[in-house]
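Asks: I need the structure of the sequence given here:
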Amino acid sequence: MKTYAGFWLRVKAFVWDYFVILGYLILLAVFGLILDQISGTAQWMFANRVRAQVSGFLLGTLPVMLYFAAGEASPGQATWGKRKMKLKVMDQNGERIHFPRAFARTLLKFIPWELSHALIWQLRFLPGTSSAVINYGFALVYILVGLNLACSIMTSSRQTVYDLLAGTYVMAGHE
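Replies: Sure thing, here's the model as predicted:
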């Protein structure tokens, strides 16, 4: 029987996926520390707000986004965590989504994540930034996260905002 994946199933799938992400981040940190000891690379990469944002995106966010997009566009239609929870990402016809759509879906999902990173780098490098700008920025992050949460609970199809925009569904009960 096909059913829409509810909020808690999706959270459990993300927890499983987070183990993969955490493993990647640990390897990245260890490799980064070794490379920094040899060449002082981190000081250059994180010397200013723009370099820090670009470095963080290219080394952290982009590989994680590619993990989600590649998994959800794969023949299995799921990341490792979604497979563990027997979930699949599909289009309105129950078909597999292709990589460009999966990437767009993931990009929309990661907007609050990247906005919060940009705000944190802003605080780190320009501590004199107006508190109103920072507060409004974080308010926007919480509004976007809240909208995704509300949509996933309130829509009959259990779609988040990014699912609605991408025309995707997360279905439960799939092997």
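
Asks: from here on, just use CA atoms for contacts and neighbour counts.
Replies: Noted.

Asks: may I have the helix or strand Leu123 falls within as CSV, with CA atoms only?
Replies: Applying DSSP states H and E as the criterion places Leu123 in helix 111-125. Only the C-alpha atoms of helix 111-125 are listed here, as CSV (Å, rounded to 0.1, in the frame of the first residue of the first chain):
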residue,chain,number,x,y,z
ILE,A,111,18.0,27.6,1.6
PRO,A,112,17.5,28.0,5.4
TRP,A,113,20.7,26.1,6.1
GLU,A,114,22.8,28.3,3.8
LEU,A,115,21.1,31.5,4.9
SER,A,116,22.0,30.7,8.5
HIS,A,117,25.6,30.0,7.5
ALA,A,118,25.8,33.4,5.7
LEU,A,119,24.5,35.1,8.9
ILE,A,120,27.0,33.3,11.1
TRP,A,121,29.9,34.3,8.8
GLN,A,122,28.5,37.9,8.8
LEU,A,123,28.6,37.9,12.6
ARG,A,124,32.1,36.4,12.7
PHE,A,125,33.7,38.8,10.2
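
Asks: what's the next secondary structure element after that helix?
Replies: Using DSSP H and E, the helix or strand that directly follows helix 111-125 along the chain is helix 131-154.

Asks: helices and strands around that following helix, which ones?
Replies: With contacts defined as 3 or more C-alpha pairs under 8 Å, 6 or more residues apart in numbering; DSSP states H and E, the packing partners of helix 131-154 are helix 7-39, helix 111-125, helix 161-166.

Asks: and for it, what's in contact with it?
Replies: For helix 131-154, the external contacting residues (C-alpha atoms under 8 Å, 6 or more residues apart in numbering) are 6-7, 112-113, 115-116, 119, 123, 158-162.

Asks: let's see it at 6 Å
Replies: Around helix 131-154, the neighbours that count as contacts under C-alpha atoms under 6 Å, 6 or more residues apart in numbering are 112, 158-161.

Asks: in CSV: those, plus neighbour count and distance to Phe138.
Replies: Putting the contacts of helix 131-154 into CSV (neighbours: other C-alpha atoms under 10 Å; distance: C-alpha to C-alpha, whole Å) gives the following:
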residue, neighbour count, distance to Phe138
Pro112, 19, 9
Arg158, 24, 25
Gln159, 26, 23
Thr160, 25, 20
Val161, 21, 18
